[in-house]
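Asker: Give me coordinates for this.
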Amino acid sequence: MITENDRRLGKRIQKLREEKGMIQSELAEKVKLSTKYIQFIETGHRRPSLKALYRIASALGSKVSELFPF
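Answerer: Got it, this is the predicted structure:
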């Protein structure tokens, strides 16, 4: 079930990625996930694991707490 928080998290990750000038495939490669999975996260259709969140935050030069705008 997709929640509003999943959508917000995905939008925040997308925003940070775009601010870094990265495309989804670049982020996916850095965090060793598929581009499709990054797409699902950004659209709120998948909820990443804590391990994936740490890797995403690190690749974006952020802290995990900065991924949660709510």
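Asker: Low-confidence stretches in the protein?
Answerer: Within the chain, the stretches with pLDDT under 70 are 70.
Asker: tell me the centre residue of it?
Answerer: With distances taken as Cα atoms, centre = their mean, I13 lies nearest the centre of the chain, 3.9 Å away.
Asker: got the contact list for it?
Answerer: Shown in contact with I13 (Cβ atoms under 8 Å, 6 or more residues apart in numbering): I41, E42, I56, L60, L67. (C-beta placed from N, C-alpha, C; glycine too.)
Asker: which ones are touching the last one?
Answerer: Spelled out, that is L67. L9, R12, I13, L16, L53, I56, A57.
Asker: Could you pick out the longest helix of the protein?
Answerer: Counting residues, the longest helix in the chain under DSSP state H turns out to be helix 4-19.
Asker: So what's the gap between that helix and the chain middle?
Answerer: With Cα atoms, centre = their mean, to the nearest Å as the basis, helix 4-19 stands 6 Å off its chain's centre.
Asker: I'd say H45 and I2 touch.
Answerer: Yes - H45 lies in contact with I2 (Cβ atoms under 8 Å); the separation is 6.1 Å.
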